[in-house]
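K.L.:
After the sequence you'll find the predicted model.
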Amino acid sequence: LLDSKKNDSSNLNTTKSSINKLIKEFDGFSAITIDSLTPNKFGKYVFHEKRVVNDFFDEMDFVLSSFLTNTKIQYEEEKIIKKLFDDYDCPILEYRLIAKGFSGASVIEVKPLKRFAPEKSKRFIVKFDRRKTDSKLQIESRLFNKCLGGLEGFGDYTCKRVTTHTHEALLYQYAKSDSSQESYSFATIISKKKNKHHLIARKLIEDLHEIKPYLLWSTTINTMELNIYSCYEQFINADKLINTISQILHVSKKELVSFDFFKTYEKLKNITLNSSTKLCHGDLHTENFFADPSIYLIDFGMSDRHHSLIDFVTLEASIKFKHFPKYLTDSELEKIEKILIDSNTFNEVFEFDQTMRPEVLYLLDIIQKNRRCSLQYLDSENKNLDYYLGLYYMTVKQISFADMNQRYALISMRVLGNYISKIS
């Protein structure tokens, strides 16, 4: 056991070889495992009548592999994480939970314990979940390799997927970063005034769009006539949208479809204009990229060819409906939206109304920088219409989610819809 912690595998391999010879002397093989394990008690024992021999040896490798500290994860989760790091040269790894998605998958940051770490050690991002029939992690691994692994210059960036009989996990080699510094999600950075990156959030937006994935994705652009709604239709559940708005406004579905703003929604679906598609992250909200201070992305489950502006409008929607204070009045929110339909907000410098709340001005400044970065994909002849349409549909999407500011999203839907109707 101790030799294995020192990464001396010779004795372990000899033992495993002897055990394998012994097993082959028999006609069948079964095994017993612990179903769950907590600090206070053992869980159920499970008898596996048709256990695969290789699984038994995987179990042995798991037990004799690196220790994980800060252990709040379950036994099978620990096993899948250790399997990802079976060839890593540090005996003790520490981790912290950084995200828990709606799908149930967890995302952790893993790095070697400092006093046992190699001189130039790295941190890694791991995403894991129970194995399911519709494996979202398998899809994410495929999309990652499609959007990153297949691009020239990305040979060092990979997504490693492993499975056990109960779990699956992804290890993002792409998300390596210096383990000597703490990393923070952009959501944390803009929410916590004491965060060391809080005052440079605007600069981080600029850095985000200059990281290697975005530079390479920019070479995949394809310009064409596009129906913008068709680019976002997959993200909008029409029945859920109608039910949610009806509930918010306390009206019947029949009454809702007669409202002017809803008629506008149906009308805007027909707009076609000159725009473009390219490879994109596809889900760039504020919890899906981190700074330490270099920028890295996580969660590639939606990565694919999309409307070229999808990451920009997704990020703006995330900032507005997740981070703007919930105590803002309807009149304040409407004022913000009417400011943001000013095309000058795409300029390098835009002077917002300084009488607004400081916390609002801080977030508007970040949105303005994000819009500025989107200019390379905007058609100068359509008055930023493709951006506003993309933002409109991403806003409509947010109305259905209870963890977002649905009231603000509904106000934004009305203001944006009216403006788009006038300029289109």
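P.N.:
Yep, that arrived. Residues are numbered from 1 along each chain as shown.

K.L.:
hey, which helix or strand in the protein has the poorest pLDDT?
P.N.:
When each helix and strand of the chain is scored by mean pLDDT, DSSP states H and E, helix 2-5 comes last, with a mean of 50.

K.L.:
Would you mind identifying the next helix or strand past that helix?
P.N.:
Of the helices and strands lying after helix 2-5 in sequence (DSSP states H and E), the nearest is helix 10-23.

K.L.:
Report all helices and strands that that next one contacts.
P.N.:
Other helices and strands packing on helix 10-23, by 3 or more CB pairs under 8 Å, 6 or more residues apart in numbering; DSSP states H and E, are helix 2-5, helix 53-63. C-beta: built from backbone N, CA, C; applies to glycine.

K.L.:
wait, is Ile108 part of a strand?
P.N.:
Yes - under DSSP: H, G, I helix; E, B strand; the rest coil, Ile108 sits within a strand.

K.L.:
Spatially, which residue comes closest to it, not counting chain neighbours?
P.N.:
Tyr95 (4.6 Å; CB to CB, 6 or more residues apart in numbering).

K.L.:
Kindly report the same for Lys269.
P.N.:
Tyr229 (4.3 Å).

K.L.:
any idea which helix or strand carries that neighbour?
P.N.:
Under the criterion of DSSP H and E, Tyr229 resides in helix 228-232.

K.L.:
Let me see the mean pLDDT of the very next helix or strand once past that helix.
P.N.:
Of the helices and strands lying after helix 228-232 in sequence (DSSP H and E), the nearest is helix 238-249. Averaged across helix 238-249, the pLDDT comes to 95.

K.L.:
Could you do stretch 78-85 as well?
P.N.:
Here the average pLDDT along stretch 78-85 is 81.

K.L.:
ok, now stretch 159-176?
P.N.:
The average pLDDT for stretch 159-176 rounds to 81.

K.L.:
Equivalent analysis for stretch 282-299, please.
P.N.:
For stretch 282-299, the per-residue pLDDT averages 89.

K.L.:
For that stretch, which residues meet the burial criterion?
P.N.:
By neighbour count on 16 or more other CB atoms under 10 Å, the buried set for stretch 282-299 is 282-293, 295-299.

K.L.:
same deal with stretch 162-176?
P.N.:
For stretch 162-176, the neighbour count (16+ other CB under 10 Å) marks 162, 164, 167-172, 174-175 as buried.

K.L.:
now, which of the residues you listed sits nearest Asn222?
P.N.:
Proximity of the buried residues of stretch 162-176 to Asn222 (CB to CB) peaks at Tyr174, which lies at 24.0 Å.

K.L.:
Could you name the helices and strands sitting against the longest helix seen in the chain?
P.N.:
Criterion DSSP state H: the longest helix present in the chain is helix 406-423. Other helices and strands packing on helix 406-423, by 3+ CB pairs under 8 Å, 6+ apart, are helix 238-249, helix 260-268, helix 310-323, helix 330-340, helix 385-398.

K.L.:
re the thing from before, tell me what the residue nearest to Ile108 is bridged to.
P.N.:
Beta-bridge pairing for Tyr95 (DSSP bridges): Val110.

K.L.:
how many other residues sit next to it?
P.N.:
20 (other CB atoms under 10 Å).

K.L.:
again, but for Val110
P.N.:
Val110 - counted by other CB under 10 Å - has 21 other residues nearby.

K.L.:
show me the residues around it that make contact.
P.N.:
Taking CB atoms under 8 Å, 6 or more residues apart in numbering, we find Val110 in contact with 81, 85, 93-95, 123-126.

K.L.:
Now intersect those residues with the helices, please.
P.N.:
Ile81.

K.L.:
nearest to His209, of the contacts of Val110?
P.N.:
Ile125 (20.0 Å).

K.L.:
Isn't that closest one up against Leu297?
P.N.:
No - with contact defined as CB atoms under 8 Å, Ile125 does not reach Leu297; the gap is 9.1 Å.

K.L.:
Distance of Glu266 relative to Leu256?
P.N.:
According to CB to CB, to the nearest Å, Glu266 and Leu256 sit 11 Å apart.

K.L.:
Have a look at these two and say which one is more surrounded.
P.N.:
Shown here are Glu266 and Leu256; by other CB under 10 Å, Leu256 has more neighbours (17 against 9).

K.L.:
From Asp239, how far out is the more buried one?
P.N.:
For Leu256 relative to Asp239 (CB to CB), the value is 12 Å.

K.L.:
and Cys159, how many neighbours?
P.N.:
22.

K.L.:
Look up the residues forming beta bridges with it.
P.N.:
Under DSSP bridges, the beta-bridge partners of Cys159 are Tyr172.
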